[in-house]
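> Got a predicted structure here, sequence first:
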Amino acid sequence: MLLIYLDGFRYSESLYEIDLRERTIRVEEELKHQRELMQEGFKQMEKRFEQVDKRFEQVEKRFEQIDKRFEQVDKRFEQMSLESDKRFTEMNRRLDRFMFWSLGITVSCALFVVTYLQ
């Protein structure tokens, strides 16, 4: 019979083999448990990535809506610009007409005064 000293204890060869087998089985079970935990963690990470993808899709949709709104605002500004250009053109035309009539009346009055004073 062979005696083995381990951790300050004396073991026989058969007890040592049994103890080694039990430890091996415990280590294998713990490794299996760790593998299961890792797989569960990977599944949870996959779910989180899917949630992040959904959030990115929602953000992308919001950006598309914002782009549409900006396009509408741009169209409104273009319309406002065209309308203000039309109004300024009309005001310029009215001012030209007013200046023409004012000059005509002023010249007429001046001629009348000059003619009357002679």
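Perfect, thanks for sending it.
> Could you list the buried residues of stretch 45-58?
The neighbour-count criterion (16 or more other C-beta atoms under 10 Å) identifies no buried residues in stretch 45-58. C-beta coordinates here come from the backbone N, C-alpha and C atoms, glycine included.
> Show me where this protein dips below the pLDDT cut-off.
Along the chain, the parts satisfying pLDDT under 70 run over 1-13, 16.
> same for the helix or strand hosting Glu17, what does it pack against?
In this structure, Glu17 is located in helix 13-117 according to DSSP states H and E. Judged by 3 or more C-beta pairs under 8 Å, 6 or more residues apart in numbering; DSSP states H and E, the packing partners of helix 13-117 are strand 3-6.
> switch to 10 Å and redo it
strand 3-6, strand 9-12 (3 or more C-beta pairs under 10 Å, 6 or more residues apart in numbering; DSSP states H and E).
> quick one: that helix to chain centroid distance?
With C-alpha atoms, centre = their mean, to the nearest Å as the basis, the distance from the averaged C-alpha position of helix 13-117 to the chain average is 7 Å.
> Likewise for stretch 106-118?
75 Å.
> Going forward, the N-terminal residue is numbered 19.
Taking 19 as the first residue, the last one we looked at is stretch 124-136.
> Dump the C-alpha coordinates for it into PDB.
Extracted in PDB, the C-alpha atoms of stretch 124-136 (Å, rounded to 0.1, in the frame of the first residue of the first chain):
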ATOM      1  CA  THR A 124     -43.600 120.800 -58.200                       C
ATOM      2  CA  VAL A 125     -42.600 121.800 -61.700                       C
ATOM      3  CA  SER A 126     -46.100 122.900 -62.500                       C
ATOM      4  CA  CYS A 127     -46.400 125.000 -59.400                       C
ATOM      5  CA  ALA A 128     -43.000 126.500 -60.100                       C
ATOM      6  CA  LEU A 129     -44.000 127.400 -63.600                       C
ATOM      7  CA  PHE A 130     -47.300 128.800 -62.400                       C
ATOM      8  CA  VAL A 131     -45.500 131.000 -59.800                       C
ATOM      9  CA  VAL A 132     -42.900 132.200 -62.400                       C
ATOM     10  CA  THR A 133     -45.600 132.900 -64.900                       C
ATOM     11  CA  TYR A 134     -47.800 134.700 -62.400                       C
ATOM     12  CA  LEU A 135     -45.000 136.900 -61.100                       C
ATOM     13  CA  GLN A 136     -44.000 138.200 -64.500                       C
END
